[in-house]
Structures are given as C-alpha cells and as structure tokens.
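Chemist: coordinates only, no sequence provided:
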C-alpha cells in the first residue's frame with residue numbers, strides 16, 4: 001500500500017490579491033511560511049519516505065519546511081509545476097473577467113474545454129501530474145508527499161477519483177490544505193480531503209477558491 005499526501009503550498013500575496021500566478025515564481029508571504037511550519041509540524045508524526053515538489057518557489061519552500069522534520073531532500077518534479085495560464089498570468093481576477101469575458105465564462109462553466117491562450121489545458125496538466133503519481137506508486141510502498149498548486153491538485157484529485165476534468169470546480173483545496181489517498185489493489189482511495197485543522201493557530205478567514 002502507498003499513501004499519497006497532496007499538499008497545496010502556503011499563501012502568497014498574489015493569492016490574497018487574486019492575481020493569476022501560473023508559472024510566475026512568487027514567494028510565500030509571512031502567513032504562507034507560518035502555514036507551512038504548522039503543516040510540517042503536523043506531518044512530523046508521519047513516516048514519510050519521500051517528498052516531491054513543483055520547482056516553483058512557493059511550493060518548493062513549503063516542501064523544504066516539511067522535509068526538515070524528516071531529514072529528507074526534496075525531489076523536484078517538473079510534472080507538478082503550476083498550470084500555465086498563458087496570457088492570464090500576472091493579471092488580476094477582475095482584469096481577466098473584463099478582457100477575456102467569453103473564455104472566462106467557459107473556464108467557469110466547462111474548464112475541461114479550455115486551452116489558455118499561450119498556455120495549456122487541464123488535460124495536459126492531468127497527463128504530466130499523473131506521470132508523477134504513477135512513478136511514485138511504482139517506487140514507494142509507504143508515504144509520499146507531493147507539494148504542488150491549486151489547479152494541479154484539483155486535477156489530480158479528479159483523476160484519482162475517476163472523474164473527468166469537467167468536475168474541476170466541484171473540488172476545493174485551501175492554502176496549505178492536504179488531501180490524502182491510499183493506493184492498494186490497483187485502486188486510489190480517498191481517506192482525507194482539504195484538511196487544514198493544524199492551521200487553527202492562524203486567525204484568518206479562508207480565501208476563496210483562487
């Protein structure tokens with residue numbers, strides 16, 4: 001049996017400001033670092049075999065904070081890099097709504113049909129992220145942590161549940177939230193979703209799904 005813990009990185013200023021991030025390499029803010037520290041302490045009780053991370057700083061820093069407790073190096077997994085929003089990257093939520101009304105409407109209603117201008121589709125995210133998961137279950141029989149991003153984790157959760165990408169908006173994962181699956185008998189079993197109980201010491205209202 002393999003246990004896979006999907007972690008969303010901690011907060012950045014662009015999460016707070018609702019700016020599309022994608023491949024732009026934004027650092028964690030102070031709250032994000034505190035979130036990662038609390039998550040790392042929570043996961044310190046687990047026996048973790050490996051930690052994989054997106055190469056972007058916000059995910060990598062989160063992964064490195066977790067890794068300290070387990071005396072592990074972080075494996076960089078390019079397949080876990082954030083969704084390429086293309087021309088939306090660096091724009092605010094409102095700017096995208098104003099400039100790309102038709103595409104934004106499709107993104108909200110049928111995200112599985114969207115290919116971002118100069119960017120990618122959810123289908124391409126699914127393929128590259130599942131390649132990482134398949135490699136992990138082939139190599140490990142205990143617990144592996146994958147630190148990634150909102151879009152990537154939502155797509156992975158759909159994939160592991162056997163849902164297509166049209167269900168993207170049926171799933172939410174908060175900043176530094178964790179979702180856990182076990183893999184046994186050639187089946188992924190959801191055992192925990194969007195756990196943020198360890199973040200209670202940070203008195204902060206949860207952000208929207210952005």
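Modeler: Happy to help now that I have it. This is a predicted model, so every value here is computed, not measured.

Chemist: determine the longest strand present in the protein.
Modeler: Assignment by DSSP state E gives strand 187-195 as the longest strand of the chain.

Chemist: helices and strands around that strand, which ones?
Modeler: Counting contacts by 3 or more C-beta pairs under 8 Å, 6 or more residues apart in numbering; DSSP states H and E, strand 187-195 is packed against helix 150-160, strand 178-184. The C-beta positions use only the backbone N, C-alpha and C, and glycine is treated the same way.

Chemist: same thing but at 10 Å, please
Modeler: Counting contacts by 3 or more C-beta pairs under 10 Å, 6 or more residues apart in numbering; DSSP states H and E, strand 187-195 packs against strand 2-8, helix 150-160, strand 178-184.

Chemist: residue 31 versus the residue positioned nearest the centre of the chain, what's the distance?
Modeler: Taking C-alpha atoms, centre = their mean, the centroid of the chain lies closest to residue 149, which sits 2.7 Å from it. The spacing between residue 149 and residue 31, counted by C-beta to C-beta, to the nearest Å, is 17 Å.

Chemist: kindly report the same for residue 172.
Modeler: Taking C-beta to C-beta, one finds residue 172 at 19 Å from residue 31.

Chemist: what's the answer for residue 128, then?
Modeler: 29 Å.

Chemist: between the two, which one's more packed in?
Modeler: residue 31 (19 against 16; other C-beta atoms under 10 Å).
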